[in-house]
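**Student:** Just to be clear, the model below is a prediction. Sequence and coordinates:
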Amino acid sequence: MSETTETKPQVNVTVQHFYGGRKINAWAVFWLDGFFGFLGVHRFYMGQLGMGFLYLLTFGLFGIGAIVDLFIAWKITRKENELRGYGRVTK
């Protein structure tokens, strides 16, 4: 009896974002968070729908999340851009 072994191809699964692969502008994230952070608009802009709805329903994680995001806007933007394949973004 001959055994046939099926080999399945390796599939590289990447994170799929709502807005596709466009590059995110850190200044846009900063200003959207500054004015509409309690509504999660900056998270929707980055394609993070789950976090956007969480911020929307909790008014920016009771205001604390929106304020923290102001200070880390460049960090979260760089991380999202790296996930989208733009590499390390400098200035």
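**Tutor:** Right, received. Where do you want to start?
**Student:** what's the closest non-adjacent residue to Gly63?
**Tutor:** Phe38 (6.3 Å; Cβ to Cβ, 6 or more residues apart in numbering). C-betas here are computed from N, CA, C, even on glycine.
**Student:** Run a quick neighbour tally on the nearest residue to Leu56 once chain neighbours are set aside.
**Tutor:** Spatial nearest neighbour of Leu56, excluding adjacent residues (Cβ to Cβ, 6+ apart): Gly40 at 4.6 Å. By other Cβ atoms under 10 Å, 28 other residues sit near Gly40.
**Student:** same deal with the one 3 residues further on?
**Tutor:** Neighbouring residues of Arg43 were enumerated by other Cβ under 10 Å; the total is 26.
**Student:** cool, Tyr45 as well?
**Tutor:** That count, for Tyr45 with other Cβ under 10 Å as the rule, works out to 19.
**Student:** for it, what are its contacts?
**Tutor:** 24, 28-29, 32 (Cβ atoms under 8 Å, 6 or more residues apart in numbering).
**Student:** and if you look at Glu80?
**Tutor:** Glu80 neighbours (Cβ under 8 Å, 6+ apart): 17, 24, 46-48.
**Student:** Just those residues: which are in strands?
**Tutor:** Judged by DSSP state E, the subset of the contacts of Glu80 located in strands is empty.
**Student:** Return the set of buried residues in the longest helix along the chain.
**Tutor:** Counting by DSSP state H, the longest helix found in the chain is helix 49-62. Within helix 49-62, the residues scored as buried using 16 or more other Cβ atoms under 10 Å are 51-52, 55, 60-61.
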